[in-house]
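Participant: I'll drop the sequence and a predicted model, then ask my questions.
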Amino acid sequence: MQKIGFTVQSESKSSSKSEIRVRDFKVIVDEPEQLGGTDHAPNPVEYILCGLTGCVHILAYKVAKELNFELQDLKIKVSGDLNPEKLFGMSTDERAGYQNIKVKLNPISNASEDLLKKWQEVMAERSPVLDNLLNTTPVSITIE
């Protein structure tokens with residue numbers, strides 16, 4: 001299968017707020033007031049959790065179908081902790097990003113415990129968002 005590319009572009013709305021174009025969609029990014037924003041939209045690290053949640057959701061139903069069981073409903077809770085000191089330029093040896101991320105799945109299904117375990121493993125193996133969080137992806141930043 002051929003690789004597919006994704007691109008987003010942003011426009012500044014204020015020092016904390018940006019409007020990002022994703023295909024024909026507009027996504028607003030802001031910071032909560034305690035982090036210097038106006039709290040009009042989720043912040044970048046919350047969007048990371050949203051991306052992981054959305055990816056897991058899509059894969060959950062796809063993999064359930066492939067494993068021949070019905071998923072009547074699914075609730076997903078994703079949370080993470082980070083130390084904001086590096087973000088604010090304070091001296092710290094801790095990394096700037098999440099120190100941990102927890103994904104809690106609450107599926108409603110008639111599948112056995114063993115089948116749900118396999119389902120969970122297959123989803124984790126195939127998730128592009130989880131893969132990007134677990135593995136180093138080269139990122140280049142240039143000024144044009």
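Facilitator: Alright, I've got the coordinates. All figures in this text were calculated on a predicted structure; none of them were measured in a lab. Residues are numbered from 1 along each chain as shown.
Participant: quick check: can you list the domain ranges of this protein?
Facilitator: 8-41, 43-134 (automatic domain parsing).
Participant: stretch 27-45 spans what distance, first to last residue?
Facilitator: 14 Å (CA to CA, to the nearest Å).
Participant: can you give me the buried ones in that stretch?
Facilitator: Neighbour counts over stretch 27-45 (16 or more other CB atoms under 10 Å) mark 29, 30, 31, 37, 41, 42, 45 as buried. Quick note: C-beta positions are derived from backbone N, CA and C, even for glycine.
Participant: could you give me the average pLDDT of the longest helix along the chain?
Facilitator: Looking across the chain with DSSP state H, the single longest helix is helix 44-66. Helix 44-66 shows a mean pLDDT of 98.
Participant: and if you look at stretch 90-103?
Facilitator: For stretch 90-103, mean pLDDT is 92.
Participant: got it, and stretch 20-38?
Facilitator: 96.
Participant: and stretch 136-144, by the same measure?
Facilitator: 97.
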